[in-house]
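Asker: Have a look at this fold, sequence not included:
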């Protein structure tokens with residue numbers, strides 16, 4: 001097959017980007033090789049299509065020129081590197097620049113991140129048994145990794161993610177997460193069932209559990225497959241594969257691919273001290289793990305925090321800048337399309353000018369900040385955020401910016417709760433506050449979060465139906481304004497003067513309306529209990545109106 005013919009093979013190849021070597025597009029491809037861990041002694045054949053995932057190259061700072069020289073000498077047919085979501089656009093751009101500057105005798109293409117190894121190989125049809133081919137390639141790459149200075153548990157997990165296209169967790173003997181790698185690290189709402197995993201392991205201690213007979217748990221959105229890591233005299237922990245149900249691969253294939261990885265993981269765990277798990281993890285990976293709730297053991301968090309020189313007992317909160325183009329195709333503020341890297345970087349630079357001490361992590365359409373809680377009045381801090389939003393929208397008028405704020409938490413391992421707070425604030429805030437407000441503090445949404453967690457609670461439904469629900473229904477049938485009256489009254493803390501002024505009605509008219517409310521609901525408006533029922537009922541009504549429950 002000529003390289004030029006690749007671009008006519010359908011959706012998996014229609015988005016290929018030629019980085020360099022247009023003059024070699026008539027080269028022939030005779031075979032496929034996957035190179036997850038490049039090294040100087042790599043052996044290839046003339047005409048090989050070599051597929052590279054650059055994450056380990058970037059992480060280990062492997063000399064790219066040396067790799068290109070090896071490939072050039074062996075006269076491969078084509079080099080394709082898979083763009084990875086965990087690697088910034090700047091690094092990919094630098095990667096491309098080096099390739100263009102270094103003259104090679106083969107084309108180089110960029111493969112979009114949404115293409116898996118299976119997608120590429122199945123389209124080319126060089127082998128009938130794709131699963132066996134992938135297992136063999138994976139095994140060869142693990143052997144290559146073992147013979148380099150880059151052999152580590154974390155690198156094994158990273159390579160494994162490319163073959164299962166999911167999340168890989170390394171668990172302790174108690175089921176606590178001690179390391180992880182993710183094929184899709186930018187999924188901001190991903191939640192891991194850490195308690196469920198611990199329970200599954202505990203419940204299966206007396207059962208016959210083996211690498212060929214793993215624990216399988218079907219969650220609502222993901223499938224968890226847990227394999228034991230053990231030697232003849234020692235339990236080392238567990239390997240857990242988390243896959244989305246709608247993207248699940250062949251279960252037999254997953255068992256085969258996991259069983260190729262397990263011996264190498266055991267060798268790594270037996271050979272190196274447990275601190276090796278920390279040494280091969282970046283500070284950003286550690287912080288992301290905290291935010292995503294991937295740690296369940298306080299002692300591990302404290303130990304790794306000490307390694308990265310991060311104070312454990314310090315009051316912090318999380319805030320997020322969410323970025324959306326003004327021309328959008330959807331209404332959910334968390335369903336944003338990928339924002340160009342230059343916009344993300346400019347946003348970060350502007351924010352850092354005012355919040356230079358905050359730790360920042362960039363995602364595809366947002367920037368997450370972790371800030372130490374100082375004794376600054378909330379009003380002054382909100383003023384700073386308002387100024388920041390005004391600056392951002394002035395500098396980049398084609399984008400809409402919003403900010404979510406969490407509550408403050410006392411310890412580092414509670415930041416996953418802060419992250420949940422701020423994600424909820426951004427998701428619900430824009431829909432609850434329809435007055436153009438762009439800063440959503442979790443403190444203003446706590447009750448909404450409580451109600452949101454119990455969407456079908458019969459007591460809450462009864463509370464709504466016997467109070468606010470009756471008023472709302474009466475208004476619709478009789479064209480009255482009782483619902484709005486109660487809404488304004490509650491908003492102004494049941495101050496009759498402020499309520500009547502806001503509604504532009506006489507106080508006697510207000511009293512008459514409230515008397516009618518009492519007749520409809522049978523509730524005493526002078527009772528604090530009634531006011532609480534109405535307060536909750538209004539918030540339930542908001543959620544019902546948004547169709548979120």
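Answerer: In hand now; what should we look at? If you're wondering where the values come from, they're calculated on a predicted model, not measured in any experiment.
Asker: From here on, just use CA atoms for contacts and neighbour counts.
Answerer: Fine.
Asker: hang on, residue 404 in a strand?
Answerer: Yes. Secondary structure of residue 404 (DSSP: H, G, I helix; E, B strand; the rest coil): part of a strand.
Asker: how close does the nearest residue to it once chain neighbours are set aside get to residue 60?
Answerer: Leaving out its chain neighbours, the residue that sits closest to residue 404 by C-alpha to C-alpha, 6 or more residues apart in numbering is residue 440, at 4.8 Å. Going from residue 440 to residue 60 by C-alpha to C-alpha, to the nearest Å gives 40 Å.
Asker: Could you give the number of residues near residue 193?
Answerer: Counted with other C-alpha atoms under 10 Å, the burial measure for residue 193 works out to 13 neighbours.
Asker: hang on, I meant residue 460
Answerer: Residues within reach of residue 460, counting by other C-alpha under 10 Å, total 16.
Asker: secondary structure class for it?
Answerer: In the three-state summary, residue 460 is assigned as helix, counting by three-state DSSP.
Asker: Helix or strand with the lowest mean pLDDT in this protein?
Answerer: When each helix and strand of the chain is scored by mean pLDDT, DSSP states H and E, helix 276-279 comes last, with a mean of 53.
Asker: Next, the buried residues of the helix or strand hosting the residue nearest to residue 404.
Answerer: Using DSSP states H and E, residue 440 sits within strand 439-441. By neighbour count with 16 or more other C-alpha atoms under 10 Å, strand 439-441 contains the buried residues 439-441.
Asker: in the stretch 1-150 of the chain, which spans are helices?
Answerer: In the stretch 1-150 of the chain, the helices defined using DSSP state H, counting those that start in this stretch lie at 11-14, 55-59, 64-73, 89-101, 117-124, 130-146.
Asker: Nearest to residue 355 among those helices would be which one?
Answerer: Comparing those by their distance to residue 355 (C-alpha to C-alpha), the top pick is helix 89-101, with 23.0 Å.
Asker: about what we covered before: now tell me which of the helices of the stretch 1-150 of the chain the model trusts least on average.
Answerer: In terms of average pLDDT, helix 11-14 trails the rest of the helices of the stretch 1-150 of the chain, at a mean of 68.
Asker: Put together a markdown table for the helices of the stretch 1-150 of the chain, with distance to residue 319 on each row.
Answerer: Compiled in a markdown table, the helices of the stretch 1-150 of the chain are given as follows (distance: least, C-alpha to C-alpha, whole Å):
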| stretch | distance to residue 319 |
| --- | --- |
| helix 11-14 | 37 |
| helix 55-59 | 28 |
| helix 64-73 | 37 |
| helix 89-101 | 23 |
| helix 117-124 | 36 |
| helix 130-146 | 39 |
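Asker: Let me know which of those helices is the nearest to residue 396.
Answerer: helix 89-101 (19.6 Å).
Asker: Show me which positions of stretch 73-84 end up buried.
Answerer: Taking 16+ other C-alpha under 10 Å as the neighbour-count basis, stretch 73-84 is seen to contain the buried residues 74-84.
Asker: Then stretch 138-157?
Answerer: Of the residues in stretch 138-157, those buried under the neighbour-count criterion (16+ other C-alpha under 10 Å) are 138-142, 144-146, 150-157.
Asker: Between which two of these is the distance greatest?
Answerer: Farthest-apart pair in the buried residues of stretch 138-157 is 140 and 154; separation 17.5 Å (C-alpha to C-alpha).
Asker: need the strands for the stretch 201-350 of the chain, in chain order.
Answerer: Listed in chain order, the strands of the stretch 201-350 of the chain (DSSP state E, counting those that start in this stretch) span 215-218, 222-231, 234-244, 313-325.
Asker: helices and strands around the longest helix belonging to the chain, which ones?
Answerer: Identified as the longest helix of the chain according to DSSP state H is helix 251-271. Helix 251-271 sits against helix 130-146, helix 153-164, strand 222-231, strand 234-244, with contacts defined as 3 or more C-alpha pairs under 8 Å, 6 or more residues apart in numbering; DSSP states H and E.
Asker: Can you give me the domain boundaries for this structure?
Answerer: Domain ranges of the chain: 3-127, 153-280, 311-444, 458-545, per automatic domain parsing.
Asker: closest to residue 291 out of those domains?
Answerer: domain 311-444 (4.2 Å).
Asker: The closest one: end-to-end distance?
Answerer: The first and final residues of domain 311-444 sit 29 Å from each other (C-alpha to C-alpha).
Asker: chain center to that domain: distance?
Answerer: For domain 311-444, the distance between its averaged C-alpha position and the chain's averaged C-alpha position is 15 Å (C-alpha atoms, centre = their mean, to the nearest Å).
Asker: Could you do stretch 2-10 as well?
Answerer: Counting by C-alpha atoms, centre = their mean, stretch 2-10 is centred 33 Å from the centre of its parent chain.
Asker: What lies in contact with it?
Answerer: Contacts made with stretch 2-10 from outside it, assessed by C-alpha atoms under 8 Å, 6 or more residues apart in numbering, are listed as 13-14, 16, 25-29, 78, 123-124.
Asker: got a winner among these for most neighbours?
Answerer: residue 78 (25 neighbours).
Asker: so who does that residue touch?
Answerer: With C-alpha under 8 Å, 6+ apart, residue 78 has these contacts: 3, 27, 29, 47-50, 106-109.
Asker: try 6 Å this time
Answerer: For residue 78, the set of contacting residues under the criterion of C-alpha atoms under 6 Å, 6 or more residues apart in numbering consists of 49, 106-107.
Asker: show me the contacts for residue 360.
Answerer: Residue 360 is in contact with 368-369, counting by C-alpha under 6 Å, 6+ apart.
Asker: make it 10 Å
Answerer: Applying C-alpha atoms under 10 Å, 6 or more residues apart in numbering to residue 360 gives the contacts 284, 287, 318-320, 348, 351-352, 367-371.
Asker: Now flag whichever of the residues you listed is closest to residue 498.
Answerer: Distance to residue 498 across these (C-alpha to C-alpha) is lowest for residue 319, with 33.7 Å.
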